[in-house]
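Colleague: Structure for the following, please:
(one chain, ligands or ions: 2)
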Amino acid sequence: MIAQDIEKILLSEEEIENRCVELAHQIEEDYKESGETPIVVGLLKGSVPFMAELIKRFEFPCEIDFMSVSSYDGTESIGDVRILKDMDLSCKNRSILVVEDIIDTGLTLYNLKKMLSSRNPESLKICTLLDKPSRRIADIKGDYCGFVIPDKFVVGYGMDLNEKYRNLPFIGIYESENT
Ligand code: IMP
Ligand code: MG
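Modeller: Numbers count the residues shown, from 1 in each chain. Ligands and ions are numbered 1, 2, ... in the order given. Okay, the predicted model is just below:
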(Lines give C-alpha, C1' and ligand atoms only; values in the text may rest on other atoms or scores of the structure.)
(Ligands and ions follow the chains in the order given, each with its own letter.)
Protein backbone atom coordinates (compact mmCIF):
# COMPACT_ATOMS: atom_id res chain seq x y z
CA MET A 1 0.00 0.00 0.00
CA ILE A 2 1.26 3.44 -0.91
CA ALA A 3 0.59 4.91 2.52
CA GLN A 4 2.56 2.29 4.47
CA ASP A 5 5.55 4.60 4.86
CA ILE A 6 3.44 7.34 6.34
CA GLU A 7 3.92 7.75 10.06
CA LYS A 8 0.88 9.87 10.64
CA ILE A 9 -1.67 11.86 8.70
CA LEU A 10 -0.94 15.49 9.48
CA LEU A 11 -3.73 17.03 7.41
CA SER A 12 -6.68 15.12 6.00
CA GLU A 13 -8.17 15.71 2.57
CA GLU A 14 -11.16 17.33 4.21
CA GLU A 15 -9.06 19.70 6.32
CA ILE A 16 -7.06 20.74 3.26
CA GLU A 17 -10.15 21.29 1.14
CA ASN A 18 -11.87 23.33 3.83
CA ARG A 19 -8.81 25.52 4.20
CA CYS A 20 -8.60 25.96 0.43
CA VAL A 21 -12.17 27.27 0.42
CA GLU A 22 -11.21 29.86 3.06
CA LEU A 23 -8.02 30.84 1.27
CA ALA A 24 -9.73 31.13 -2.11
CA HIS A 25 -12.36 33.35 -0.56
CA GLN A 26 -9.76 35.60 1.05
CA ILE A 27 -7.74 35.85 -2.16
CA GLU A 28 -10.83 36.59 -4.18
CA GLU A 29 -11.91 39.37 -1.85
CA ASP A 30 -8.46 40.97 -2.01
CA TYR A 31 -8.24 40.95 -5.80
CA LYS A 32 -11.84 42.05 -6.19
CA GLU A 33 -11.12 45.03 -3.99
CA SER A 34 -8.06 46.04 -5.97
CA GLY A 35 -9.71 45.25 -9.31
CA GLU A 36 -6.72 43.18 -10.39
CA THR A 37 -7.02 40.08 -12.56
CA PRO A 38 -4.01 38.02 -11.60
CA ILE A 39 -1.97 35.41 -13.35
CA VAL A 40 -1.85 32.46 -10.96
CA VAL A 41 1.57 30.87 -11.34
CA GLY A 42 2.04 27.37 -9.97
CA LEU A 43 5.51 26.12 -9.14
CA LEU A 44 5.92 22.67 -10.59
CA LYS A 45 5.41 20.06 -9.54
CA GLY A 46 4.35 20.28 -5.91
CA SER A 47 1.76 23.02 -6.25
CA VAL A 48 -0.46 21.20 -8.77
CA PRO A 49 -3.13 19.66 -6.47
CA PHE A 50 -3.27 22.79 -4.28
CA MET A 51 -3.49 25.12 -7.25
CA ALA A 52 -6.26 23.02 -8.81
CA GLU A 53 -8.21 23.14 -5.56
CA LEU A 54 -7.83 26.91 -5.30
CA ILE A 55 -8.50 28.12 -8.82
CA LYS A 56 -11.74 26.23 -9.28
CA ARG A 57 -13.16 28.34 -6.46
CA PHE A 58 -12.11 31.72 -7.86
CA GLU A 59 -14.98 33.64 -9.34
CA PHE A 60 -12.82 36.44 -10.72
CA PRO A 61 -11.16 36.11 -14.12
CA CYS A 62 -7.68 34.70 -13.75
CA GLU A 63 -5.13 33.22 -16.07
CA ILE A 64 -2.89 30.37 -15.05
CA ASP A 65 0.71 29.61 -15.80
CA PHE A 66 3.48 27.40 -14.47
CA MET A 67 7.16 27.66 -13.66
CA SER A 68 9.69 25.10 -12.63
CA VAL A 69 12.62 26.38 -10.63
CA SER A 70 15.32 24.92 -8.48
CA SER A 71 17.15 26.72 -5.78
CA TYR A 72 20.86 26.24 -5.52
CA ASP A 73 21.83 24.47 -2.33
CA GLY A 74 23.23 26.11 0.78
CA THR A 75 26.73 26.33 -0.58
CA GLU A 76 25.60 28.78 -3.25
CA SER A 77 24.91 32.41 -2.59
CA ILE A 78 21.43 33.65 -1.85
CA GLY A 79 20.07 35.30 -4.95
CA ASP A 80 20.33 32.48 -7.43
CA VAL A 81 17.43 30.57 -8.80
CA ARG A 82 17.69 28.24 -11.75
CA ILE A 83 14.74 28.32 -14.13
CA LEU A 84 13.94 24.91 -15.57
CA LYS A 85 10.69 26.08 -17.15
CA ASP A 86 9.71 29.72 -17.39
CA MET A 87 6.26 31.27 -17.55
CA ASP A 88 4.57 31.40 -20.96
CA LEU A 89 2.85 34.71 -20.18
CA SER A 90 4.54 38.04 -19.60
CA CYS A 91 4.57 39.45 -16.04
CA LYS A 92 4.92 43.04 -17.10
CA ASN A 93 2.23 45.20 -15.49
CA ARG A 94 0.32 42.11 -14.42
CA SER A 95 -0.62 40.94 -10.95
CA ILE A 96 1.17 37.72 -10.16
CA LEU A 97 0.08 35.21 -7.55
CA VAL A 98 2.73 32.54 -7.08
CA VAL A 99 1.36 29.27 -5.69
CA GLU A 100 3.76 26.98 -3.83
CA ASP A 101 3.40 23.76 -1.86
CA ILE A 102 5.65 24.57 1.08
CA ILE A 103 8.04 27.26 2.28
CA ASP A 104 10.91 25.64 4.12
CA THR A 105 14.23 27.50 4.16
CA GLY A 106 12.55 30.14 2.01
CA LEU A 107 15.45 30.28 -0.45
CA THR A 108 13.42 29.20 -3.47
CA LEU A 109 10.75 31.85 -3.05
CA TYR A 110 13.15 34.54 -1.90
CA ASN A 111 15.16 34.15 -5.08
CA LEU A 112 12.16 33.70 -7.31
CA LYS A 113 10.45 36.76 -5.89
CA LYS A 114 13.53 38.83 -6.54
CA MET A 115 13.75 37.55 -10.09
CA LEU A 116 10.06 38.05 -10.89
CA SER A 117 10.11 41.54 -9.36
CA SER A 118 12.73 42.54 -11.89
CA ARG A 119 10.17 41.83 -14.63
CA ASN A 120 8.05 44.74 -13.39
CA PRO A 121 4.78 43.09 -12.43
CA GLU A 122 1.94 45.27 -11.16
CA SER A 123 1.95 43.25 -7.93
CA LEU A 124 3.52 40.04 -6.71
CA LYS A 125 2.03 37.84 -4.00
CA ILE A 126 2.74 34.38 -2.68
CA CYS A 127 0.26 31.74 -1.64
CA THR A 128 1.65 28.65 0.04
CA LEU A 129 -0.20 25.59 1.27
CA LEU A 130 2.30 24.93 4.06
CA ASP A 131 4.81 26.96 6.00
CA LYS A 132 7.63 25.42 8.03
CA PRO A 133 8.98 28.56 9.75
CA SER A 134 11.42 26.72 12.01
CA ARG A 135 13.84 26.11 9.12
CA ARG A 136 13.72 29.55 7.55
CA ILE A 137 16.98 31.00 6.25
CA ALA A 138 15.77 33.66 3.82
CA ASP A 139 13.52 36.45 4.96
CA ILE A 140 10.32 35.55 3.17
CA LYS A 141 6.70 35.21 4.16
CA GLY A 142 3.68 34.02 2.23
CA ASP A 143 0.89 36.54 1.70
CA TYR A 144 -1.51 33.62 2.02
CA CYS A 145 -0.73 30.46 3.95
CA GLY A 146 -2.79 27.32 4.42
CA PHE A 147 -1.15 25.78 7.47
CA VAL A 148 1.91 26.35 9.62
CA ILE A 149 3.50 22.98 10.33
CA PRO A 150 6.25 21.67 12.61
CA ASP A 151 9.71 20.72 11.38
CA LYS A 152 8.79 17.33 9.92
CA PHE A 153 9.27 15.98 6.42
CA VAL A 154 5.84 15.75 4.84
CA VAL A 155 4.59 14.11 1.66
CA GLY A 156 1.34 14.00 -0.27
CA TYR A 157 -0.99 16.52 -1.83
CA GLY A 158 1.71 17.38 -4.36
CA MET A 159 4.73 16.96 -2.12
CA ASP A 160 7.19 14.20 -2.76
CA LEU A 161 10.09 12.18 -1.55
CA ASN A 162 12.15 11.34 -4.65
CA GLU A 163 9.05 11.91 -6.83
CA LYS A 164 6.92 9.48 -4.81
CA TYR A 165 3.71 10.19 -2.86
CA ARG A 166 2.66 13.33 -4.76
CA ASN A 167 -0.73 11.79 -5.53
CA LEU A 168 -1.72 11.07 -1.93
CA PRO A 169 -4.94 12.97 -1.23
CA PHE A 170 -3.76 13.91 2.28
CA ILE A 171 -0.55 15.27 3.82
CA GLY A 172 1.39 12.76 5.88
CA ILE A 173 4.54 12.79 7.95
CA TYR A 174 7.12 10.55 6.35
CA GLU A 175 7.94 7.80 8.81
CA SER A 176 11.76 7.96 8.86
CA GLU A 177 11.40 11.19 10.83
CA ASN A 178 10.70 9.28 14.01
CA THR A 179 12.92 6.27 13.57
P1 IMP B 1 12.91 26.10 0.30
O2 IMP B 1 13.68 26.82 -0.75
O3 IMP B 1 13.79 25.46 1.32
O4 IMP B 1 11.83 26.93 0.93
O5 IMP B 1 12.32 24.89 -0.47
C6 IMP B 1 11.04 24.65 -0.63
C7 IMP B 1 10.92 23.41 -1.48
O8 IMP B 1 11.53 22.29 -0.83
C9 IMP B 1 9.47 23.07 -1.62
O10 IMP B 1 8.96 23.64 -2.79
C11 IMP B 1 9.48 21.58 -1.67
O12 IMP B 1 9.65 21.15 -2.99
C13 IMP B 1 10.69 21.17 -0.88
N14 IMP B 1 10.35 20.76 0.50
C15 IMP B 1 10.62 21.43 1.64
N16 IMP B 1 10.15 20.78 2.72
C17 IMP B 1 9.54 19.67 2.24
C18 IMP B 1 8.83 18.59 2.88
O19 IMP B 1 8.66 18.49 4.10
N20 IMP B 1 8.34 17.65 2.03
C21 IMP B 1 8.48 17.70 0.68
N22 IMP B 1 9.13 18.69 0.06
C23 IMP B 1 9.66 19.67 0.84
MG1 MG C 1 8.67 22.81 -4.57
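
Colleague: Show me what from this protein comes close to ligand 1.
Modeller: 46, 71, 100-108, 153-155, 159 (CB under 6 Å from any ligand atom). (C-beta placed from N, C-alpha, C; glycine too.)

Colleague: three-state assignment of Lys113?
Modeller: Here Lys113 is recorded as helix under DSSP: H, G, I helix; E, B strand; the rest coil.

Colleague: which residues touch the residue sitting nearest the centre point of the chain?
Modeller: By CA atoms, centre = their mean, the chain has its centre lying nearest to Glu100, at 1.0 Å. Neighbouring residues of Glu100 by CB atoms under 8 Å, 6 or more residues apart in numbering: 43, 46-47, 108-109, 126-129, 142.

Colleague: show me where this structure has strands.
Modeller: Applying DSSP state E to the chain gives strands spanning 6-11, 39-43, 63-71, 81-85, 95-103, 123-131, 144-148, 154-155, 171-174.

Colleague: Reformat these as a markdown table; add mean pLDDT.
Modeller: Formatted as a markdown table, the strands of the chain follow (pLDDT from 0 to 100):
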| stretch | mean pLDDT |
| --- | --- |
| strand 6-11 | 93 |
| strand 39-43 | 98 |
| strand 63-71 | 93 |
| strand 81-85 | 91 |
| strand 95-103 | 98 |
| strand 123-131 | 98 |
| strand 144-148 | 98 |
| strand 154-155 | 96 |
| strand 171-174 | 95 |
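
Colleague: looking at those strands, which is closest to Lys113?
Modeller: Nearest to Lys113, of all these, is strand 123-131, at 6.4 Å by CB to CB.

Colleague: If anything else comes up later, I'll come back, but that's it for now.
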